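1. Provide a 3D model corresponding to the input given below.
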Amino acid sequence: MNEAAARLTMLTRLGFGARGLLYLVIAALVITTGRTEDPAGALQYLGQGGGKILLLILTAGLLAYGLWRLSDAVFDIERHGEGKSAVVKRLGAAASALVHFFLAWQAIKLAQGIASAQGDGAQEQASSVLQLPGGATILLLGGIILLGVGIYQFVKAVKASFLKHLEPRIASEKWVEWTGRAGYAARGIVFLITGAFLFNAGLAEQASEAGGMAEALSWLTPPWDSIVAAGLMAFGLFSLIEARYRVLRDVPVDAISHKLGA
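-> Below is the predicted model:
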C-alpha cells in the first residue's frame, strides 16, 4: 500500500466513525428529548456543541468515506463481481458517495459559520423535482427505489451478510452480529417510511407529502419511535465497530491519478 492509499484508508475509517457518531446523536436526541433529526441536522447539532475542529474532523472523514464509496462504484474495489446484483450494489455505492459528499459540504458550511437553510429539505427537493417534466413519475420511481433499499436492509439484517466485511475474530462475536442486525433492521424501517412518503408525494403531486429521516421518526408513535431510535443507536455502534475492524480494500489512488492526468 502506498502512502496516499494508506492515508485514504485511515480517513475512510474516520468516515465510518463519523457516520456512527451522527447516528448516535440522532438516536440519543429521540430517546432523551423526543427531537427528531436527519444526519444533516445531527451535524448542525454537533457543530453547536463541538465547534469548528470537530466539524473539520467530520468533514475529512465524510469526504474520505464518500471517495471510498465512489471508488467502489467505479473500480469495484469491494469485488461485487458481475450480474444485476453487482450493478445494483455499485449504484448504491455511488448514491452513498453523493450523500456523504453532501454531508461533508454541510459540515464545511457549518464550520464556516454558515447556518444550514431552514425548512424541510426532503419537501424542498420534492418541490424542485415536481417542477420538472415528468416530476411526479420521478418521485414515484424514487419512492420505489427507497422501498427497495428498505427491503434490502432487512435482508442484510436477516442474513447478517454485513459480517463478511469484518475481520473474522470480531465477526464471530454474537454481540457484534446482533448489534448489526438491530441497526440494519432499524434502517430498513426508516427507508420504508421515507419511501412511502416519497411515493405518496408523487402520487398526489404534492411536495408536502415527502419526508426524510426526521419526518419518519416523527411519524412513529411511542414506543415505536424509541424502539427504532434504539436500533439506529445500534447502527451507530456498529459503524464504530466497522471503523476499527472493517476489512478495507485499497482505493487505486495511482490509477485515479493517472486517469485524471490523462
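2. which residues in the stretch 101-250 of the chain form helices?
-> Ranges of helices in the stretch 101-250 of the chain, per DSSP state H, counting those that start in this stretch, are 121-130, 135-159, 168-171, 174-204, 213-219, 224-245.
3. Would you mind giving those as JSON lines with distance to Leu98 and mean neighbour count added?
-> Bear in mind the C-beta positions are built from the backbone N, C-alpha and C, glycine included. Below are the helices of the stretch 101-250 of the chain laid out as JSON lines (distance: least, Cβ to Cβ, whole Å; neighbours: other Cβ atoms under 10 Å):
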{"stretch": "helix 121-130", "distance to Leu98": "13", "mean neighbour count": "18"}
{"stretch": "helix 135-159", "distance to Leu98": "14", "mean neighbour count": "17"}
{"stretch": "helix 168-171", "distance to Leu98": "29", "mean neighbour count": "13"}
{"stretch": "helix 174-204", "distance to Leu98": "16", "mean neighbour count": "20"}
{"stretch": "helix 213-219", "distance to Leu98": "16", "mean neighbour count": "20"}
{"stretch": "helix 224-245", "distance to Leu98": "19", "mean neighbour count": "20"}
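4. so can I have a markdown table of those helices showing mean pLDDT?
-> Output for the helices of the stretch 101-250 of the chain, formatted as a markdown table (pLDDT from 0 to 100):
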| stretch | mean pLDDT |
| --- | --- |
| helix 121-130 | 91 |
| helix 135-159 | 96 |
| helix 168-171 | 96 |
| helix 174-204 | 97 |
| helix 213-219 | 96 |
| helix 224-245 | 98 |
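5. The ones you listed: which one's closest to Leu54?
-> Closest to Leu54 of the helices of the stretch 101-250 of the chain, according to Cβ to Cβ: helix 224-245, at 15.8 Å.
6. Can you give the distance of that closest one from its chain's centre?
-> Helix 224-245 sits 12 Å away from the centroid of its parent chain (Cα atoms, centre = their mean, to the nearest Å).
7. Need the contact partners of that helix.
-> 13-17, 19-24, 26-28, 30-31, 34, 36, 162, 165-167, 170-171, 176, 179-180, 182-187, 189-190, 217-218, 220 (Cβ atoms under 8 Å, 6 or more residues apart in numbering).
8. I'd like to know which of the helices of the stretch 101-250 of the chain is closest to Tyr45.
-> helix 213-219 (11.6 Å).
9. Which elements pack onto that closest one?
-> Where contact means 3 or more Cβ pairs under 8 Å, 6 or more residues apart in numbering; DSSP states H and E, helix 213-219 is packed against helix 3-33, helix 174-204, helix 224-245.
10. Kindly recompute the last result at 7 Å.
-> helix 174-204, helix 224-245 (3 or more Cβ pairs under 7 Å, 6 or more residues apart in numbering; DSSP states H and E).
11. Save those as a markdown table, and put in distance to Trp68 too.
-> A markdown table is the format used below for the helices and strands packed on helix 213-219 (distance: least, Cβ to Cβ, whole Å):
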| stretch | distance to Trp68 |
| --- | --- |
| helix 174-204 | 19 |
| helix 224-245 | 12 |
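12. Looking at these, which is nearest to Leu103?
-> Closest approach to Leu103 among those is made by helix 224-245 (13.5 Å; Cβ to Cβ).
13. re earlier: any chance of the helices of the stretch 101-250 of the chain in TSV with distance to Ile77 as columns?
-> Shown next, in TSV, are these (distance: least, Cβ to Cβ, whole Å):
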stretch	distance to Ile77
helix 121-130	30
helix 135-159	19
helix 168-171	20
helix 174-204	21
helix 213-219	28
helix 224-245	16
